[in-house]
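Trainee: I'll drop the sequence and a predicted model, then ask my questions.
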Amino acid sequence: MSTIGTALALGFILGIKHALEADHVVAVSTIVSRDPRLLRSAMAGMFWGIGHTLTLLAAGIAVLFFKVSIPDRVALSFEFLVGAVLVGVGVQNLWDSWRTRFHAHSHASGATHTHFHSHREGHDHHLPDRWRRSLLVGMLHGLAGSGALVLLVLGTIDSPLEGAAYILIFGLGSILGMMLIGTAMAMPFSLSAQRIGGLTKRVQLLAGGVSVLVGVLVVVQIGLLGGLLTPA
């Protein structure tokens, strides 16, 4: 295999591995937990990967073709925003779960039963919002964290076109990896939804809490320990 072929194959593998990073998994799991059906979860992962690839490709083109350098403080700012977004997405999940109420519905037979019903999720007209959220979160992740590793690898590639191809292959790996993650997260729900009432809402609460916790840790680490919010 040629050197460029080896680099592209490595880029695809690294893209899949990149999707498995903790903050990525937390972000997508929080979005998926709102409606963990297989196809919708896979699509949420796919849109995260597309957004991630778009901004990473834009940054790569700026570096490769226009020799733009990304200051360390700017990179830290993007990582800080990732933490803030994780907090925001988690809080939204917790808020939606809190708003979920029991409803008693009277049916034609006269029987009355009580069940969980969310006013925000479960309706088809909300699907574009979920995918748009995944796309935006993925775009932000593309500018932060270990995505910068790709820009470092680009320094070893001679041709800008080869570098752009590397980013695209890396992005395809990220898309595939996150689609697999979304599907894997939704699988237990699709198998048990008929038997365990309220499971989705409990996991939504858990995912929201974890997202807030991880987001706060990122904000503290980057903003205070990393020196972003402290005087230079």
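Mentor: Noted; the coordinates are in hand. Numbers count the residues shown, from 1 in each chain.
Trainee: Could I get the full set of strands for this protein?
Mentor: Assigned by DSSP state E, the chain shows strands spanning 101-106, 112-117.
Trainee: pLDDT at the nearest residue to G51 once chain neighbours are set aside, what is it?
Mentor: Among residues not flanking G51 along the chain, G138 sits closest, at 3.0 Å (CB to CB, 6 or more residues apart in numbering). C-betas here are computed from N, CA, C, even on glycine. pLDDT, G138: 91.
Trainee: What of L228?
Mentor: 83.
Trainee: Quick one: residues contacting the residue nearest to it when sequence neighbours are not counted.
Mentor: Of all residues not flanking L228 in the chain, L76 sits nearest, at 4.7 Å (CB to CB, 6+ apart). Taking CB atoms under 8 Å, 6 or more residues apart in numbering as the criterion, L76 is in contact with I222, G226, G227, L228.
Trainee: Give me the neighbour count for the second one.
Mentor: For G226, the count of nearby residues is 17 (other CB atoms under 10 Å).
Trainee: same question, the last one
Mentor: The burial count assigned to L228 is 18, neighbours taken as other CB under 10 Å.
Trainee: Could you give me the buried positions within the longest helix that the chain contains?
Mentor: Determined from DSSP state H, the single longest helix within the chain is helix 160-192. Using 16 or more other CB atoms under 10 Å as the burial criterion, the residues of helix 160-192 that qualify are 163-179, 181-183, 185-186, 189.
Trainee: One more: stretch 80-100?
Mentor: Those would be 80-87, 89-90, 92-94, 96-97, 100, for stretch 80-100 by 16+ other CB under 10 Å.
Trainee: For stretch 80-100, what is the distance to the chain centroid?
Mentor: Its chain's average C-alpha position is 13 Å from that of stretch 80-100, according to CA atoms, centre = their mean, to the nearest Å.
Trainee: before we move on, what about stretch 131-150?
Mentor: That offset, for stretch 131-150, works out to 7 Å (CA atoms, centre = their mean).
Trainee: Could you export that stretch as CSV, CA atoms only?
Mentor: What follows is stretch 131-150, C-alpha atoms only, in CSV (Å, rounded to 0.1, in the frame of the first residue of the first chain):
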residue,chain,number,x,y,z
TRP,A,131,-30.8,16.3,14.1
ARG,A,132,-30.0,20.0,13.9
ARG,A,133,-28.9,19.9,17.5
SER,A,134,-26.6,16.9,16.8
LEU,A,135,-25.2,18.7,13.7
LEU,A,136,-24.4,21.9,15.8
VAL,A,137,-22.8,20.0,18.6
GLY,A,138,-20.7,18.0,16.1
MET,A,139,-19.6,21.2,14.4
LEU,A,140,-18.4,22.5,17.8
HIS,A,141,-16.6,19.3,18.6
GLY,A,142,-14.8,19.4,15.2
LEU,A,143,-13.0,22.6,16.4
ALA,A,144,-12.1,21.4,19.8
GLY,A,145,-10.3,18.6,21.7
SER,A,146,-8.3,15.9,20.0
GLY,A,147,-9.7,17.0,16.6
ALA,A,148,-6.6,19.1,16.6
LEU,A,149,-4.7,15.9,16.2
VAL,A,150,-5.8,15.7,12.6
